[in-house]
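# I would like the atomic coordinates for the input below:
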Amino acid sequence: MFALVLGSGAGAGCFGYNRGAKRWSYVGDALLIAGGGAAIGVEETSKPADCTGPGCPSYTPPFRGGLVVGAVLVVAGVAGLVINATRTTVKTSR
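Numbering: from 1, shown residues only. Just a heads-up that it's a prediction; the model follows:
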């Protein structure tokens with residue numbers, strides 16, 4: 001699941017070359033950012049309670065996979081926005 005989300009987020013290529021493609025790429029970038037924010041929110045609200053006592057595991061990681069996936073999606077969306085905003089529009093012949 002992690003590889004699928006990572007591949008689709010990083011390989012989405014959400015930047016456009018002409019005016020119409022740029023509009024849709026902004027939508028795709030916004031969806032990446034919203035999806036990453038949702039993944040981070042779900043991860044933070046579904047944390048297990050802190051365990052103290054003798055029956056607890058010896059190590060509890062500070063963050064889990066959902067937080068990493070959410071951060072990758074948000075970074076991919078922001079990078080797409082920056083690339084899309086700074087890319088010159090290509091004139092297509094129609």
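# can we go C-alpha only for contacts and neighbour counts from here?
Will do.
# how about the nearest residue to residue 32, chain neighbours excluded?
When the adjacent residues along the chain are set aside, residue 32 lies closest to residue 77, with 5.0 Å between them (C-alpha to C-alpha, 6 or more residues apart in numbering).
# pLDDT value on residue 72, please?
Here, the pLDDT recorded for residue 72 equals 93.
# my read is that it contacts residue 36, right?
Yes. Assessed by C-alpha atoms under 8 Å, residue 72 is found in contact with residue 36 at 7.3 Å.
# so these two - more neighbours on which side?
residue 36 (25 against 19; other C-alpha atoms under 10 Å).
# help me confirm that that one comes into contact with residue 68.
No. With contact defined as C-alpha under 8 Å, residue 36 does not reach residue 68; the gap is 9.2 Å.
# tell me how many other residues crowd residue 64.
13.
# what does residue 52 give?
Residues near residue 52, counting by other C-alpha under 10 Å: 8.
# the most centrally placed residue in the chain and residue 41, how far apart?
When C-alpha atoms, centre = their mean is applied to the chain, the residue found nearest the centroid is residue 73 (0.9 Å). Computed as C-alpha to C-alpha, to the nearest Å, the residue 73 to residue 41 distance reads 13 Å.
# now the most far-flung residue of the chain relative to its centre: how far from residue 47?
Going by C-alpha atoms, centre = their mean, the residue of the chain most distant from its centre is residue 54, 37.7 Å out. Counting by C-alpha to C-alpha, the gap from residue 54 to residue 47 is 20 Å.
# returning to that earlier point: tell me the predicted confidence for the residue nearest to residue 32.
In this prediction, residue 77 carries a pLDDT score of 92.
# let me see the backbone angles for it.
The phi and psi values for residue 77, taken as degrees, to the nearest 10, are phi -70, psi -40.
# isn't it up against residue 30?
Yes. Counting by C-alpha under 8 Å, residue 77 does reach residue 30; the two are 6.5 Å apart.
# distance from the helix ranked longest in the chain to the middle of the chain?
For the chain, the helix with the greatest residue count under DSSP state H is helix 19-45. Distance of helix 19-45 from its chain centroid, counting by C-alpha atoms, centre = their mean, to the nearest Å, is 7 Å.
# so which bits of that helix are buried?
22, 25-26, 28-30, 32-40, 43 (16 or more other C-alpha atoms under 10 Å).
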